[in-house]
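1. When you get a sec, could you give me coordinates for this:
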Amino acid sequence: MTIDPLLVDEERRKALPCLPISLVDKLSKERLTDFLEFGMEESCCGDPASATREEGEKILGTLSRLVVEDAEKLLLGTQTPLERGVYGRER
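-> I've put the predicted structure just below:
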């Protein structure tokens, strides 16, 4: 919705169920690597039916900032690949 609202099937999005799954827990604690293992048959979690453009902008901005910060530190040799942890969670 944030990047291009025309790419979103609004009818389908609003019909998706709320799925309170923590990707961080699934990836780091349970060591799962597949959406189906996560219980995410639709490859999404949270509450997509109530998602807003503003929420998407905030999430996209945060993730973008983390990727840029990590890339800069890796290029400068000031951070190891695992220093930050999964999805920006500081260790």
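2. for the protein, what spans make up the strands?
-> For the chain, applying DSSP state E gives no strands.
3. Show the contacting residues for K26.
-> 32, 37-38 (C-beta atoms under 8 Å, 6 or more residues apart in numbering). All C-beta atoms are positioned from the backbone trio N, CA, C, and that covers glycine.
4. again with L19
-> So L19 contacts 39-40, 42, 44-47 (C-beta under 8 Å, 6+ apart).
5. and the helix or strand of the chain with the lowest mean pLDDT, what other elements does it pack with?
-> One helix or strand of the chain scores below all others by mean pLDDT, DSSP states H and E: helix 23-24, with a mean of 76. Contacts defined by 3 or more C-beta pairs under 8 Å, 6 or more residues apart in numbering; DSSP states H and E place helix 23-24 against no helix or strand at all.
6. quick one: the longest helix along the chain to chain centroid distance?
-> Longest helix in the chain by number of residues (criterion: DSSP state H): helix 53-76. How far helix 53-76 lies from its chain's middle: 11 Å, per C-alpha atoms, centre = their mean, to the nearest Å.
7. so which of the contacts of L19 would you say is closest to A15?
-> Among the contacts of L19, E42 lies closest to A15 (C-beta to C-beta), at 9.9 Å.
8. follow-up on the earlier one: with neighbour count added, can I get the contacts of K26 in a markdown table?
-> Formatted as a markdown table, the contacts of K26 follow (neighbours: other C-beta atoms under 10 Å):
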| residue | neighbour count |
| --- | --- |
| L32 | 15 |
| E37 | 11 |
| F38 | 19 |
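9. Out of those residues, the closest to R13 would be?
-> Distances from R13 to those, taken as C-beta to C-beta, are shortest for F38 (18.9 Å).
10. That closest one contacts L23, doesn't it?
-> Yes. If you go by C-beta atoms under 8 Å, F38 and L23 touch, sitting 7.4 Å apart.
11. what touches both of those two?
-> C45.
12. Filter the contacts of L19 down to the buried ones, PyMOL style.
-> Typed into PyMOL, the next command selects the buried ones out of the contacts of L19 (criterion: 16 or more other C-beta atoms under 10 Å):
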select buried, resi 45+46
